[in-house]
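K.L.:
would you be able to build a 3D model of this:
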Amino acid sequence: MLNYLINSFKRKMARRITQKHPMVLDTFAITGIGNGQVQFANWENPLVEKKVFTKETVDFFKKFLHPGDFAIDIGANIGHTTVQMALATGPTGLTLGFDPNPYVFEILQRNATLNPELVRIGAHNLAISEQDDEFYYNSSEASFNNGGISKTPNNKHGKYSLSTKIKGVNLEAFLEKEYPDFLPKLTLIKIDTEGYDKEIIRSISSLITKYKPIIISECFGKNSDEEKFEQFNLLQSLGYSLFYFTDFVATTEIIPIKQKEEMLKYKHFDFYATPNA
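P.N.:
Take a look at the predicted model:
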């Protein structure tokens, strides 16, 4: 009971008071990868559930990625999926993690330095936007676990705002400048940006058309029906088929999404999209 009250108080403070929370280094045993040991820096924010690695979650990304591939994680947070994607692309490939939130980026950057014999990760404290620009970043929690960008200081993402604007870049131009040798190997782009996925997809539509990567995206529960339809229509217009999946594990249930109305069957869910042959 005492521990429950202490943890409840910590969560309440994290929602109301902005402060830095430490990270802790964990080690996970995953068979078939290097010596079977993967290190990961978890964030000790009371509002954040501890991230765990398993062979099943890593194998989910191995369904799409192979050693030497190039993968991108937009909205990487502390790097949970970024590291798993990187374990699939390996040290001969490259996985990039983008997140504009400085509170989570500090942990993402640390995770990019771990397991150098297993992965190659580039971490960037940037948002992805149609053109290079600056944005407000807001969150519903003072600890800035999650949030989103906006051109206006008062927006749907929450009442807590970073004191300085964050930088957004056009992804294709950024990659052509910083990673030109890896662009032809672009295989997968994962997007999780708290309801902003549709705008990200539109901003990188030229990149998608050119390299035809697999897209993993989120259908955000708070988006309107029309926004969900637009997300479906946009990917379909780019020549993609959509598939609902239940969880980031290799054995996940997969259901085709054939009509835009099927985007309303599930309140909040992840899906992947593959280019049509």
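
K.L.:
just the strands from the stretch 1-150 of the chain, written as ranges.
P.N.:
In the stretch 1-150 of the chain, the strands defined using DSSP state E, counting those that start in this stretch lie at 23-29, 37-43, 70-74, 94-98, 121-124, 127-128, 133-139, 148-150.

K.L.:
so what does the second one touch, helix or strand wise?
P.N.:
In terms of contacts (3 or more CB pairs under 8 Å, 6 or more residues apart in numbering; DSSP states H and E), strand 37-43 is packed against strand 23-29, helix 80-89, helix 102-113. In this view, the C-beta of every residue, glycine as well, is placed from N, C-alpha and C.

K.L.:
please save the CA atoms from stretch 38-46 in PDB.
P.N.:
The C-alpha coordinates for stretch 38-46 follow below in PDB (Å, rounded to 0.1, in the frame of the first residue of the first chain):
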ATOM      1  CA  VAL A  38      21.200  -6.400 -25.700                       C
ATOM      2  CA  GLN A  39      21.600  -3.200 -23.600                       C
ATOM      3  CA  PHE A  40      18.900  -0.500 -23.500                       C
ATOM      4  CA  ALA A  41      18.600   2.700 -21.500                       C
ATOM      5  CA  ASN A  42      15.100   2.900 -20.000                       C
ATOM      6  CA  TRP A  43      13.600   6.300 -18.800                       C
ATOM      7  CA  GLU A  44      12.700   6.400 -15.200                       C
ATOM      8  CA  ASN A  45       9.800   8.700 -15.800                       C
ATOM      9  CA  PRO A  46       6.900   7.600 -13.400                       C
END
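
K.L.:
distance from the chain centre to it, please.
P.N.:
From the chain centre to the centre of stretch 38-46 is a distance of 16 Å (CA atoms, centre = their mean, to the nearest Å).

K.L.:
neighbouring contacts of that stretch?
P.N.:
With contact meaning CB atoms under 8 Å, 6 or more residues apart in numbering, stretch 38-46 is reached by 7, 10-11, 13-14, 21-30, 50-51, 53, 78-80, 83, 87, 104, 107, 110-111, 114-115, 118, 143, 145.
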